[in-house]
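[1] here are the coordinates; sequence isn't available:
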């Protein structure tokens, strides 16, 4: 059996993931609070009623306080359940009383009913000014964004911005990125 073909883009992304993991530094709780405040402001400026957030893994931005704030203002929070490789994420309804169960790759998701979000919050390891993001390599968010065609907001820290994320044919750019420094609009076309 032949080894699977690895493209130049895949190799570049793998190298960049390693580099971003090596240079990752824990930011202060104040930076994380500022990021959540900007993110909540952007969410509330949207007409969306069903917001897909994420439950944090170790070392990731903790959106749990944001989930509570979004729920308190009467919007429905949905959390992703990681599906089998090659499929989009599914989202389950969450409330502060939801029981969380273990999923793939150490993730947690609620036992709630499956629903479809109006807005998706998307984590990243790196991003560029064109709205492209470097994810964890499974392609889950790109497949999900392509399948659902709903607005999305990328979130992370300003130190994760790089000049240009290597992109492939299935990478979906984000029009909005939120960091602890503010809200970035990315309507700039990427040069060829």
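    Yep, that arrived. Computed from a predicted structure; not experimentally measured. Numbers count the residues shown, from 1 in each chain.
[2] so which residues of the chain form helices?
    8-23, 29-44, 64-72, 140-148 (DSSP state H).
[3] what packs against the third one?
    In terms of contacts (3 or more Cβ pairs under 8 Å, 6 or more residues apart in numbering; DSSP states H and E), helix 64-72 is packed against helix 29-44, strand 76-81. For every residue, glycine as well, the C-beta is placed using N, CA and C.
[4] now do the contacts for the nearest residue to residue 108 once chain neighbours are set aside.
    Sequence neighbours aside, residue 100 is the residue nearest to residue 108 in space, at 4.3 Å (criterion: Cβ to Cβ, 6 or more residues apart in numbering). Taking Cβ atoms under 8 Å, 6 or more residues apart in numbering as the criterion, residue 100 is in contact with 55, 108-111.
[5] single out the most deeply packed of the helices of the chain.
    helix 140-148 (a mean of 18; mean count of other Cβ atoms under 10 Å).
[6] same question for that helix, mean pLDDT?
    Averaging pLDDT along helix 140-148 yields 92.
[7] hmm, who's touching it?
    So helix 140-148 is contacted by 80, 82-83, 86-89, 116-117, 120, 122, 133, 135, 152, 170-172 (Cβ under 8 Å, 6+ apart).
[8] follow-up on the earlier one: of the contacts of residue 100, closest to residue 15?
    Nearest to residue 15 among the contacts of residue 100: residue 55, at 28.4 Å, using Cβ to Cβ.
[9] residues near the closest one, how many?
    Neighbours of residue 55 under the rule other Cβ atoms under 10 Å: 18.
[10] can you tell me how far it is from residue 66?
    The gap separating residue 55 from residue 66 is 11 Å, by Cβ to Cβ, to the nearest Å.
[11] residue 154 too?
    In terms of Cβ to Cβ, residue 154 sits 14 Å off from residue 66.
[12] now residue 15
    32 Å.
[13] just give me the residue right at the centre of the protein.
    residue 122 (1.8 Å; Cα atoms, centre = their mean).
[14] low pLDDT regions in this protein?
    Residues of the chain meeting the criterion pLDDT under 70: 1-6, 10, 16-18, 20-27, 188-192.
[15] what's across from the residue nearest to the centre of the chain in the sheet?
    On the basis of DSSP bridges, residue 122 is bridged to residue 154.
[16] repeat for the one 4 residues further on
    Taking DSSP bridges, one finds residue 134 as the beta-bridge partners of residue 126.
[17] give me the neighbour count for it.
    Count around residue 126 with other Cβ under 10 Å applied: 22.
[18] mind starting the numbering at 722 from now?
    Sounds good: first residue 722 from here, last item residue 847.
[19] how near is residue 826 to residue 875?
    With distances taken as Cβ to Cβ, residue 826 is found 20 Å from residue 875.
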